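J.: Give me the fold of what follows.
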Amino acid sequence: MVRVLVIDDEPSVLQSAKLLLGSAGYSVIVASNLAQGLREAKGSRFDILWTDKNIGRHRGLVPLLDYMESEKVGVPVVISSGEDGWQAVKELYCHAFHRKGGYRMLTVIEEVLAQQPTPDKPIMYN
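T.: Here you go, the predicted model:
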């Protein structure tokens, strides 16, 4: 079973992820803040990470993404944001960018897992 770690500070996004991805057969781990997300990333096995770019007051995923890159966790990272795609992620370690209000979460996850993009050539879903 594919395990998805979803980090977002909006409860509705976490609820939707659990319902949508769970009904599609995915195992979903959720975290509502960056500290919890980092703990889950270090302590759980997962196959893909979906995270909001601007989590609460932290306004930055640097500790989490640094961990993912330095430890060679080796799972795709999807960053979701309401900001413009390339500007939002060009400095960040990620495999795909999802603009909120655009493509559906399930579609993005399925495509990223199938296509296996790299951080130097991320997929942009605007």
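J.: pretty sure Asn126 is touching Lys100, no?
T.: No: Asn126 lies out of contact with Lys100 (C-beta atoms under 8 Å); the separation is 10.4 Å. Bear in mind the C-beta positions are built from the backbone N, C-alpha and C, glycine included.
J.: the more surrounded of those two?
T.: Taking other C-beta atoms under 10 Å, Asn126 and Lys100 do not tie; Lys100 has more neighbours (14 against 11).
J.: Grab the nearest non-local neighbour of that one.
T.: Gly82 (4.7 Å; C-beta to C-beta, 6 or more residues apart in numbering).
J.: Tell me if I'm right that that neighbour and His98 touch.
T.: No: the criterion here is C-beta under 8 Å, and Gly82 misses it with His98 at 10.3 Å.
J.: Val13: what's it in contact with?
T.: Contacts for Val13 (C-beta atoms under 8 Å, 6 or more residues apart in numbering) come out as Val6, Asp52.
J.: Run through the protein and note the low-pLDDT ranges.
T.: Counting by pLDDT under 70, the chain contains low-confidence residues at 56-60, 84-91, 101-103.
J.: Scan it for its longest helix.
T.: The longest helix of the chain (DSSP state H) is helix 11-23.
J.: Would you pull up how far that helix lies from the middle of the chain?
T.: 13 Å (C-alpha atoms, centre = their mean, to the nearest Å).
J.: picking up where we left off before, so the residue nearest to Lys100 versus Glu40, what's the distance?
T.: Taking C-beta to C-beta, to the nearest Å as the measure, Gly82 falls 23 Å from Glu40.
J.: show me what contacts the closest residue to Ala17 other than its chain neighbours?
T.: The shortest distance from Ala17 to any non-neighbouring residue, by C-beta to C-beta, 6+ apart, is to Val6 (4.4 Å). By C-beta under 8 Å, 6+ apart, the residues touching Val6 are Val13, Leu14, Ala17, Lys18, Leu21, Val28, Ile29, Val30, Ala31, Trp50, Thr51.
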